[in-house]
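*Asks:* Got a predicted structure plus its sequence, pasted below:
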Amino acid sequence: MKRKLGQSGAPASPPTDEPVATPQADEGPKVEQAEQKQEKKQPKHDPSFAELGLDPRLVQAVAKQSFEKPTLVQRKAIPLALQGQDVLCKAKTGSGKTAAYVLPLLSGILKRKSTDSTPFTAALILVPTRELADQVFKAIELFSTFCSKDIQAAKLTENVSDAVQRSLLSNVPDIVVSTPSRAWHSINAAGLSLEKLQYLVLDEADLVLSYGYDEDMENISRALPKGVQTIMMSATLSAELDTLKGIFCRNPTLLDLNEKMGAEDEKLDQFYVKCSEDDKWLIAYLIFKLQLIKGKCLIFVADIDRSYRLKLFFEQFSIRSCILNSELPINTRIKMIDEFNKGMYDIIIASDEKSEIFGDETAGEEASKKQKEKAESDQPSKKRKTQKDQEYGVSRGIDFRNLAAVVNFDLPTSATSYQHRIGRTARAGRTGMALSFVIPKELYGKHKPTSLRSCENDEKILAKIIRQQAKQERAIEPYNFSKKEMEAFRYRMNDALRAVTKVAVREARTKELRQELLRSETLKRYFEENPAELSHLRHDGELGRTTRTQAHLKHVPDYLLPKEGKKALSSQEIGFVPFRNADAKKRGHKRGKPSGRSFKVGGKKRDPLKTFKVRRKP
Ligand SMILES: Nc1ncnc2c1ncn2[C@@H]1O[C@H](COP(=O)(O)OP(=O)(O)OP(=O)(O)O)[C@@H](O)[C@H]1O
């Protein structure tokens, strides 16, 4: 199907009279020219938001967000978009791509409305997941705070009937945010009109085809009028982007803004632990029970069962966590991300079910064939009792705020997927840490109860990840735990693992879904009137008695801890991962070097014993 899209080369009715840019033909020199022209025009200092030519009401809204100055992608993309150019932009995760396309879009609509108030849908923003649609919609609301009367936006990813959708769209929103499938459905069944569309945005553009939206994209391309300005955003480039570029863009300007990371500027510390299958569980228990990682954490696992397994395992030790997966209703998922961002939870366990289909630029034909087959087999089956949402995904684009660490409990199956997962932390100038568990080939399949098929190739994937990160001048370093000190905790880990049986996992999965029904809209008013009862609705509550209760596991007795304290579990200190790199610079903190001091973060003094440690390979 993807090739079919590629073969067509251009939509039945091309979006413009201008020649459609043939992929790769003149791309190289054009990029350079565009960049050079910009260099000449640029003032000596980096321009402020006001100097970018945006509507003053938007500049005011940006100031309200406390954005001091535009990020690189915003500085480069906003002027081009305001000039009406098609832009294909690659910039790193968390670099502010959303504002880079939302602001010029809003500015253009406001400018037109100052002379012509005819209502029509002027912009369509397509994103691969419903979570992302919600996030982009909220960003539009925030940026249009001071012009809310002039800008109407709608998102089409709610679970509503066609009749309700039609009535919502009868208000003729200026901007529509949607996944491709819902957009196409609404064009057919709910009266979405693209007749006068001026702007088309594809966010996480390289993913829209991988997600199986090929046919929808092809249909949408045919429904577009001529002359639509297209903006494509992504953190990684892939063959899919060429296909889309050929279909939707008119001679686009390519902004490849992969900022190389010098050690000084690096805000993300990356580590991997090579360990056996059961040691993964042991180390995870130690990290979270002894709070070796400080702050909020996102743990990625390979599938839904695994997420419940880990949550139930953590519950044995009274470690609270919540789960995100494609089975949960969209409202629950969005609410959970919101609450996590508000600081209600510390740990989210997310199943990255689409990891395989993200594609890997380093993978061969054979591998991508397999990925495609897996994606197809993931399509909803009538036999399946619970329906997975095909439009679920949190490893791409979702802005988890102040996330201190990403833990790849199960390594993804591609380097691209890794890049996006770790991009959930160290966003918008903050610092973060990524830790990945890797099963060496010789240890794979040795501990049946915890073995996972996708881990068979962990070492190969790690090699690809190391190469990929090296290209960006980033390093991923080994991290070792002291085996001797860990042993004292092993029987507890085994006790807990034994209690988390397959039956317990199945029951927990059903129970969680049932609980989500209880948390439904019908109870909303009751809880508005009885806010104290809300604690029962926390998503990180215990899934209850699906596992054996083992009270003795809930605390760590002193005699288990090494005499030297937690720090003896790993040697050589790397220091706390602070949120702001500026602090690190001030105190002369160097990555990988022990500082041996306590740090002040957010006004509080940190205990150096509670820091994350690393031992480098000799
Ligand atoms: N100019 C700015 N100054 C400060 N913070 C900013 C600025 N622009 C964006 N941000 C913040 O940076 C964070 C990341 O932005 P955004 O989600 O747009 O990144 P992204 O590049 O789209 O990431 P991804 O590739 O993961 O989708 C958001 O919390 C946003 O509010």
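*Replies:* Cool, the structure landed. Numbering: from 1, shown residues only.
*Asks:* For the rest of this, base every contact and every neighbour count on C-alpha atoms.
*Replies:* Fine.
*Asks:* give the contact list for the closest residue to the ligand within the stretch 401-550 of the chain.
*Replies:* Across the stretch 401-550 of the chain, no residue is closer to the ligand than residue 428, which sits at 4.1 Å (Cα to the nearest ligand atom). Residue 428 sits next to 94-96 when contact means Cα atoms under 8 Å, 6 or more residues apart in numbering.
*Asks:* switch the cut-off to 10 Å
*Replies:* Contact analysis of residue 428 by Cα atoms under 10 Å, 6 or more residues apart in numbering lists 67, 71, 93-96, 267, 399, 401-402, 580.
*Asks:* The ligand next: which of the residues you listed are close?
*Replies:* Residues of the contacts of residue 428 in contact with the ligand (Cα under 6 Å from any ligand atom): 67, 71, 93-96, 399.
*Asks:* how about the residues of the stretch 51-200 of the chain near the ligand?
*Replies:* Going by Cα under 6 Å from any ligand atom, the residues of the stretch 51-200 of the chain near the ligand are 67-71, 92-99.
*Asks:* mind running it again at 5 Å?
*Replies:* Residues of the stretch 51-200 of the chain found near the ligand (Cα under 5 Å from any ligand atom) are 67, 70-71, 93-98.
*Asks:* Taking those together, which two end up most distant?
*Replies:* 67 and 93 (17.2 Å; Cα to Cα).
*Asks:* Who has more neighbours out of the two?
*Replies:* residue 93 (25 against 13; other Cα atoms under 10 Å).
*Asks:* show me what contacts the spatially closest residue to the more buried one that is not a sequence neighbour?
*Replies:* Distances taken as Cα to Cα, 6 or more residues apart in numbering put residue 423 closest to residue 93, at 5.0 Å, once the chain neighbours are dropped. Residue 423 makes contact with 92-95, 235, 268, 395-400, 406, 417, 432, 434, according to Cα under 10 Å, 6+ apart.
*Asks:* Looking at those, which are in helices?
*Replies:* Using DSSP state H, the subset of the contacts of residue 423 located in helices is residue 417.
*Asks:* Narrow the contacts of residue 423 to those in strands?
*Replies:* Of the contacts of residue 423, the ones assigned to strands by DSSP state E are 268, 406, 432, 434.
*Asks:* Is it correct that residue 243 is in contact with residue 206?
*Replies:* Yes. Contact criterion Cα atoms under 10 Å: residue 243 and residue 206 qualify, at 9.5 Å.
*Asks:* where do the helices sit along the stretch 351-500 of the chain?
*Replies:* Secondary structure of the stretch 351-500 of the chain by DSSP state H, counting those that start in this stretch: the helices cover 365-377, 415-422, 458-471, 483-487, 490-499.
*Asks:* Kindly apply the preceding question to the stretch 151-300 of the chain instead.
*Replies:* 162-169, 180-189, 205-210, 214-223, 239-248, 277-289.
*Asks:* before we move on, the earlier item: the ones in strands among the contacts of residue 423 into CSV, with extra columns for neighbour count?
*Replies:* Output for the ones in strands among the contacts of residue 423, formatted as CSV (neighbours: other Cα atoms under 10 Å):
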residue, neighbour count
268, 27
406, 25
432, 29
434, 25
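*Asks:* For residue 202, give its distance to the ligand.
*Replies:* Per Cα to the nearest ligand atom, to the nearest Å, residue 202 is found 12 Å from the ligand.
*Asks:* Wait, that residue touches residue 128, no?
*Replies:* Yes. Between residue 202 and residue 128 there is a contact under Cα under 10 Å: 8.8 Å.
*Asks:* Give the residues shared as contacts by the two.
*Replies:* Shared contacts of residue 202 and residue 128 (Cα under 10 Å, 6+ apart): 179-180, 208.
*Asks:* Out of those residues, which comes closest to the ligand?
*Replies:* residue 208 (13.3 Å).
*Asks:* Which ChimeraX command selects the buried ones in the shared contacts of residue 202 and residue 128?
*Replies:* Burial among the shared contacts of residue 202 and residue 128 is assessed by 16 or more other Cα atoms under 10 Å; the matching ChimeraX selection reads:
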select :179,180,208
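*Asks:* Tell me which of the shared contacts of residue 202 and residue 128 has the lowest pLDDT.
*Replies:* Within the set of these, pLDDT is lowest for residue 208 (77).
*Asks:* Chain neighbours aside, what residue packs nearest to it?
*Replies:* In space, residue 208 comes closest to residue 128 once its chain neighbours are excluded; the distance is 5.3 Å by Cα to Cα, 6+ apart.
*Asks:* just checking, the one you found is part of a helix?
*Replies:* No. Assigned with DSSP: H, G, I helix; E, B strand; the rest coil, residue 128 falls outside any helix and is coil.
*Asks:* how many neighbours does it have?
*Replies:* Residues near residue 128, counting by other Cα under 10 Å: 29.
*Asks:* give the contact list for it.
*Replies:* Contacts of residue 128 by Cα under 10 Å, 6+ apart are 178-181, 202-213, 390-393, 396-397.
*Asks:* same deal with residue 237?
*Replies:* Counting by Cα under 10 Å, 6+ apart, residue 237 touches 88-91, 204-207, 256, 361, 416.
*Asks:* Kindly report the same for residue 452.
*Replies:* With Cα under 10 Å, 6+ apart, residue 452 has these contacts: 277, 302-303, 306, 410, 439, 444-445.
*Asks:* Give me the buried subset of those.
*Replies:* Among those, those scoring as buried are 277, 302-303, 306, 410, 439, 444-445 (criterion: 16+ other Cα under 10 Å).
*Asks:* which among those gets closest to residue 169?
*Replies:* Nearest to residue 169 among the buried ones among the contacts of residue 452: residue 303, at 36.2 Å, using Cα to Cα.
*Asks:* from what I can see that closest one touches residue 351, true?
*Replies:* Yes. Using Cα under 10 Å, residue 303 is in contact with residue 351, at 5.0 Å.
*Asks:* Spit out the residues that contact the two alike.
*Replies:* Common neighbours of residue 303 and residue 351 (Cα under 10 Å, 6+ apart) are 325-326, 410.
*Asks:* Among the residues you listed, name the least confidently predicted one.
*Replies:* Among those, residue 326 carries the lowest pLDDT, at 85.
*Asks:* Could you check how far that one is from residue 350?
*Replies:* Residue 326 is 9 Å from residue 350, where distance means Cα to Cα, to the nearest Å.
*Asks:* picking up where we left off before, only the buried subset of the contacts of residue 237, as a ChimeraX command please.
*Replies:* In ChimeraX syntax, the buried subset of the contacts of residue 237 is picked out as below (16+ other Cα under 10 Å):
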select :88,89,90,91,204,205,206,207,256,361,416
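*Asks:* for the closest residue to residue 554 other than its chain neighbours, phi and psi?
*Replies:* The spatial neighbour of residue 554 that comes closest, neighbours along the chain excluded (Cα to Cα, 6+ apart), is residue 317 at 4.2 Å. Dihedral pair for residue 317: phi -110, psi 10, per degrees, to the nearest 10.
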